[in-house]
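Asks: 3D, please:
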Amino acid sequence: MNRQEELIRILLKSEKPRTTTELAEMLDVSSRTIRSDLEKIETELLVHHLCLEKKPHVGVWIQGAKEDKVALFLNEAQQNSTVNTYSKEYRIGCILVQILLGNSKIYPDKFADELYVSRSTIEKDLSVVARWLKKHQLELSKNANNGLYVKGSEENIRNAVGSLANDLNTWNLSIESFLETYLNVDFKKIEDIVSEWNEKYGMNLNEMNINNLAFHASIMVIRILKNKELEMLDCDELQEESHSYKKEFEQLIYELSEYIHCDIPKAESNYLLMHLFGMYLNEPAFIKNDFLSDLRTLAENISDDFICNLDKIVALNLKQNKMFKQSLVLHLLPTVYRLKYGFNLYNPLLGEIKTNYAGSFLLAKIINSSFEKFLNVTVSEEEIAYVALHISLAVNQPMEKQQVAIVCTMGVGVSRFLSVKLQENFPNVTFIHCSSEDSQAIENCNYILSTVKLSVSKPYLQINPLLNETDIQRIRTFIYGNPTVNKNNFSLQTVMIEHGYTDRLTVLQEMTKRLQLCGAVTPYFLESVLKRETMGSTEVGNGIILTHGFHEAVKRTQIAFYKLDNPIFWNTQKVNFVVLLAVAKVDAKNVMQMSWLYKTLNSESIIEQVHKCSCEKELYELLINASKNNE
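Replies: All right, here's what the predicted structure looks like:
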């Protein structure tokens, strides 16, 4: 009985929901493997009129009629499991893992039998695999005697495996699960070795770094045991820099060698050391070291250029935010290091970051223009995802408290009422009561709110002493200059459908024309949109483009939508739904708070409905409903 069958039996027999951690312990695999297995068994459950229920902090269970559960239980007990149906992405991952890391003799028929598909389907998959390998400077060779194997340097193979881990993650699949299922690698054991070593010697690696180090250690172990060792020059400078944890690292190498009952060559030790070294580059102790001088200069230049580009799009005033720049430089230092040595970052949080921080991720993608400028390379989405977290942190940092003077001549009672109402609506503002003659107090404040006309040089706003809703909106604009971006920023006039054939430039021209007719943008807007397109990818996946122009060319915030019945090639993908944001400067800081839009674009069911719309009105009503339901 395989692991998925055993998992089904456990869930059927269980009287309560089981967490992934509990299931992982029962089957002696990692939680990530369990999550991957759960995805695989969902199809089989549906065939038996059952469904897999998952609830955060509660667990997983099988939902359905008792007779259907009994039938499935008997089916599994007899080990006559329903044939698994594997997605194309799963098949590609399965093939790549085995030909990159598995036995030297692997034949197409093996994959056909293993994945329950025809030989012709496997041949088509192998064509995709060959193209994928070519992108990583590797070649897929077929030989009647030796089967399928990969030709290329060991260094390129290692980097390709790292890239594959990221691709699988994007497809909601787990590289660890593939290693355990098809190569019998006990990833959990290696991760435990690294985790215990980290704790025992106080190495201060976070969970992400532990997972990354365990991943690279697993690949190292696999290749050593197959006599596919990496040839690298001795890294004397790294040995010098690592003196503070050299003995500890040697202990990790010893524990790994004990686990595989085999000595770990010096070149392989250096390979793992370089990955570990990259994890410490953002520590203050390393930042001032002369060895990092060139890396640090590049990281600072890229950071400055990125912030300059970012401030053209959103009014975050990041040039003045020293903490943000320092944090970004610290993050980019390991990134530059990885690019220098050709290492791939494995980021298992990519999917969650793209979903939960969609606005920040979109903005972070323009950092590629800075990397192209200084390093002539583009970085992966895995690297960009971490930059997105830095942007999100900067956006959501508590605002520095503004000091606002309140001048009210209506008596103590009214003044007190006004003060309470203001504090309720503006908790991050410090309000100071004073008279119109109190020049010192007024001078110390940023703004003045008054119930009477004043003759002062500082900005002031006259308000109703009873503070109605209109006053609150006026005050918000007066103090922050950023009224909330909301779902009312599009109309039927800015929703378009193209039934014929077109191209990217025509689409952007037509969308800009509609925005101009609405009085939302200036003639310069199209130029700024085209410039934005050169700064980094605006492809967000699933055939969607989310792009925008610079706020200097926007009169008022407006959104345009363009659906294409015939997909067009944008940069690297075919797209059939384009969203163009025209965000006014006063709204720029809140553009990432448009959660309804990001949730809509991330909803496969809504996007599927978008594709079915045949007229503008139908699409407009769908988007309106989506904006209400996704608030």
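Asks: for E527, what are its contacts?
Replies: E527 makes contacts with A553, as judged by Cβ atoms under 8 Å, 6 or more residues apart in numbering. Where C-beta positions appear, they are placed from N, C-alpha and C, glycine not excepted.
Asks: now the helices for the stretch 301-450 of the chain?
Replies: Ranges of helices within the stretch 301-450 of the chain are 322-341, 350-356, 358-364, 367-375, 381-396, 412-425, 439-443, based on DSSP state H, counting those that start in this stretch.
Asks: quick one: which of those is nearest L623?
Replies: helix 358-364 (16.5 Å; Cβ to Cβ).
Asks: just to revisit the earlier point, out of the helices of the stretch 301-450 of the chain, nearest to E114?
Replies: Of all the helices of the stretch 301-450 of the chain, helix 350-356 comes closest under Cβ to Cβ, at 26.3 Å.
Asks: Am I right that I497 falls within a helix?
Replies: No: with DSSP: H, G, I helix; E, B strand; the rest coil as the criterion, I497 is strand rather than part of a helix.
Asks: and whichever strand or helix holds D113, what does it pack onto?
Replies: Here D113, judged by DSSP states H and E, is contained in helix 108-115. Secondary-structure packing of helix 108-115 (3 or more Cβ pairs under 8 Å, 6 or more residues apart in numbering; DSSP states H and E): helix 88-101, helix 119-135.
Asks: Contacts made by the last one with the rest, please.
Replies: When you say that, I think you mean helix 119-135. By Cβ under 8 Å, 6+ apart, the surrounding residues in contact with helix 119-135 are 88, 91-92, 95-96, 99, 108-109, 111-112, 115, 139-140, 142, 148, 150, 152, 160.
Asks: how about the helix or strand following it: buried residues?
Replies: Counting by DSSP H and E, the next helix or strand C-terminal to helix 119-135 is strand 139-143. By neighbour count on 16 or more other Cβ atoms under 10 Å, the buried set for strand 139-143 is L140.
Asks: which helices and strands does strand 139-143 pack with?
Replies: Judged by 3+ Cβ pairs under 8 Å, 6+ apart, strand 139-143 is in contact with helix 119-135, strand 147-151.
Asks: and the angle for the last one with helix 119-135?
Replies: Following axes from the mean of the first three to the mean of the last three Cα atoms, to 10 degrees, one obtains 10 degrees for the angle between strand 147-151 and helix 119-135.
Asks: buried set for strand 147-151?
Replies: With burial defined by 16+ other Cβ under 10 Å, the residues of strand 147-151 counted as buried are G147, L148, Y149, V150.
Asks: picking up where we left off before, can you list contacts of the helix holding D113?
Replies: 86, 90-91, 94-95, 98, 117-119, 121-123, 125-126, 147-148.
Asks: Where does confidence bottom out across the residues you listed?
Replies: Lowest pLDDT of those: Y86, 71.
Asks: Tell me the secondary structure at that residue.
Replies: Following three-state DSSP, the label given to Y86 is coil.
Asks: Number the residues from 171 up from this point.
Replies: With 171 as the first residue, the last one maps to Y256.
Asks: Tell me the spacing between it and E791.
Replies: 38 Å (Cβ to Cβ, to the nearest Å).
Asks: for N471, same thing?
Replies: 49 Å.
Asks: More neighbours: these two, which one.
Replies: N471 (17 against 14; other Cβ atoms under 10 Å).
Asks: thinking the more buried one is in contact with F544, fair?
Replies: Yes: applying Cβ atoms under 8 Å, one finds N471 in contact with F544, separated by 5.5 Å.
Asks: Helices of the stretch 671-801 of the chain, start to end?
Replies: Using DSSP H, counting those that start in this stretch, helices in the stretch 671-801 of the chain cover 674-687, 695-704, 765-771, 774-782, 786-799.
Asks: and T600, which of the ones you listed is closest to it?
Replies: helix 765-771 (29.1 Å).
Asks: distance between that closest one and the chain's centre?
Replies: 15 Å (Cα atoms, centre = their mean, to the nearest Å).
Asks: Kindly spell out which helices and strands sit in contact with that helix.
Replies: helix 528-534, helix 786-799.
Asks: okay, now the domains of this structure?
Replies: 173-247, 258-353, 357-450, 462-566, 572-650, 662-799 (automatic domain parsing).
Asks: Next, the distance between the ends of the second one.
Replies: What that stands for is domain 258-353. One end of domain 258-353 sits 20 Å from the other (Cα to Cα, to the nearest Å).
Asks: Check the offset of that domain from the chain's centre.
Replies: 25 Å.
Asks: Include mean neighbour count and distance to Y371 when you put the helices and strands packed on helix 278-285 into a markdown table, please.
Replies: A markdown table is the format used below for the helices and strands packed on helix 278-285 (neighbours: other Cβ atoms under 10 Å; distance: least, Cβ to Cβ, whole Å):
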| stretch | mean neighbour count | distance to Y371 |
| --- | --- | --- |
| helix 258-271 | 21 | 29 |
| helix 289-305 | 15 | 38 |
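Asks: Export the ones you listed to CSV and append columns for distance to V549.
Replies: Putting those into CSV (distance: least, Cβ to Cβ, whole Å) gives the following:
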stretch, distance to V549
helix 258-271, 22
helix 289-305, 15
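Asks: what mean pLDDT would you report for stretch 536-552?
Replies: Mean predicted lDDT for stretch 536-552 stands at 84.
Asks: quick check, distance from that stretch to the centre of its chain.
Replies: Here stretch 536-552 is found 16 Å from its chain centre; the criterion is Cα atoms, centre = their mean.
Asks: how long is that stretch from one end to the other?
Replies: Terminal-residue distance, stretch 536-552 (Cα to Cα): 14 Å.
Asks: next one: stretch 625-636
Replies: 22 Å.
Asks: same check, this time on stretch 303-310
Replies: Start-to-end, stretch 303-310 (Cα to Cα) is 7 Å.
Asks: what do you get for stretch 307-327?
Replies: Criterion Cα to Cα; first-to-last residue distance in stretch 307-327 is 9 Å.
Asks: Tell me which residues are up against it.
Replies: Here stretch 307-327 makes contact (Cβ under 8 Å, 6+ apart) with 269-270, 274-278, 296, 299-300, 303, 306, 330, 393, 398-402, 512.
Asks: what about burial for those residues, which qualify?
Replies: The buried subset of those (16+ other Cβ under 10 Å) comprises I269, L270, I276, P278, L296, V299, L303, H306, A330, R393, L400, M402.
Asks: Tabulate those in JSON lines, adding columns for distance to C432.
Replies: Output for those, formatted as JSON lines (distance: Cβ to Cβ, whole Å):
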{"residue": "I269", "distance to C432": "23"}
{"residue": "L270", "distance to C432": "21"}
{"residue": "I276", "distance to C432": "24"}
{"residue": "P278", "distance to C432": "32"}
{"residue": "L296", "distance to C432": "33"}
{"residue": "V299", "distance to C432": "30"}
{"residue": "L303", "distance to C432": "28"}
{"residue": "H306", "distance to C432": "27"}
{"residue": "A330", "distance to C432": "24"}
{"residue": "R393", "distance to C432": "12"}
{"residue": "L400", "distance to C432": "15"}
{"residue": "M402", "distance to C432": "18"}
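Asks: and those residues, which two are the farthest apart?
Replies: P278 and M402 (33.7 Å).
Asks: Just the pLDDT for G583.
Replies: pLDDT for G583: 61.
Asks: One more: D362?
Replies: Per-residue pLDDT puts D362 at 90.
Asks: what sits up against the helix or strand hosting it?
Replies: Counting by DSSP H and E, the element that carries D362 is helix 357-370. With contacts defined as Cβ under 8 Å, 6+ apart, helix 357-370 is touched by 194, 198-200, 203, 346, 349-350, 373-375, 380-381, 383-385, 387-388, 391, 418, 421-422, 425-426, 429.
Asks: just the buried members of these?
Replies: Buried among those by 16+ other Cβ under 10 Å: 194, 199-200, 203, 346, 349-350, 373, 375, 380-381, 383-385, 387-388, 391, 418, 422, 426.
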